[in-house]
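In: model this:
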Amino acid sequence: MAAQFELEILTPERQFFVGLAEAIVLPSIDGSYGVQAGHEPVVIAVEPGELQYQIDGVWHRAAVGQGFAEIMPEYVILLAATAEHPEEIDEARARRAKERAEERLRQKQSLQEYYRSKAALARAMARLKTRVK
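Out: A predicted model of the protein is given here:
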C-alpha cells in the first residue's frame, strides 16, 4: 500500500471529501501541482480547474473553483469556492455559462468586469473538461 495522508476538500456549502489519499493533483496558478505523503509544507493558490486525487489506487476527478490548499507532510486541506463530481455537473448549463462569459469578454467593459468574465470562463471550462472525460 502506498503512503497516505489525510485529505480534506471543503467548500462553503459542504465537506466534499474527508479521508485518506495517496496523491492529489491540484490546478494552481503555475499549472498542475502534485502532492504525495511526506510533501514539504507549503500553501498554494488553487485556480479553477480539474482536481485529481487517488484513493486505494483509484484516481477520482472533480471540478474546483478558486481557493487555497495547505499542504503538510501528513495532510492536505483544500478550501475551494466550489467542488463538483463529474456526475454533478450539468453540461448544458456549463456550456451556456461558457458562452455568456465569452460574449462578455467580447464586449468593451471595465477592468473589474473583464476579470469577472475571465473567472467565469475559467469555471465553465473546468466544469466542461471534468464532465466530458
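In: quick one: contacts of the worst-scoring helix or strand of the chain on mean pLDDT?
Out: Across the helices and strands of the chain, mean confidence by mean pLDDT, DSSP states H and E is lowest for helix 111-131: a mean of 74. Helix 111-131 is contacted from outside by 27, 47-50, 61-66, 82, 84, 86, 89, 91, 94-95, 97-98, 100-102, 104-105, 109, using C-beta atoms under 8 Å, 6 or more residues apart in numbering. Where C-beta positions appear, they are placed from N, C-alpha and C, glycine not excepted.
In: Check which helix or strand the spatially most distant residue from the centre of the chain maps to.
Out: Largest separation from the mean C-alpha position in the chain: residue 108, at 29.2 Å (C-alpha atoms, centre = their mean). Counting by DSSP states H and E, there is no helix or strand that carries residue 108.
In: Of the contacts of helix 111-131, which belong to helices?
Out: Counting by DSSP state H, the contacts of helix 111-131 place 91, 94-95, 97-98, 100-102, 104-105 in helices.
In: ok, and the most crowded of those residues?
Out: For those, neighbours were counted using other C-beta atoms under 10 Å, and residue 94 has the most, 22 neighbours in all.
In: Pull the contacting residues for that one.
Out: Contacts for residue 94 (C-beta under 8 Å, 6+ apart) come out as 124, 127-128, 131.
In: Just the closest of the residues you listed to residue 10, please.
Out: Closest approach between those and residue 10, by C-beta to C-beta: residue 127, at 18.9 Å.
In: Centroid-nearest residue for the chain?
Out: residue 64 (2.6 Å).
In: What residues are bridge-paired with that residue?
Out: Residues in a beta bridge with residue 64, per DSSP bridges, are residue 49, residue 83.
In: same thing with residue 8?
Out: Here residue 8 sits in beta bridges with residue 18, residue 77, going by DSSP bridges.
In: pLDDT value on it, please?
Out: Per-residue pLDDT puts residue 8 at 98.
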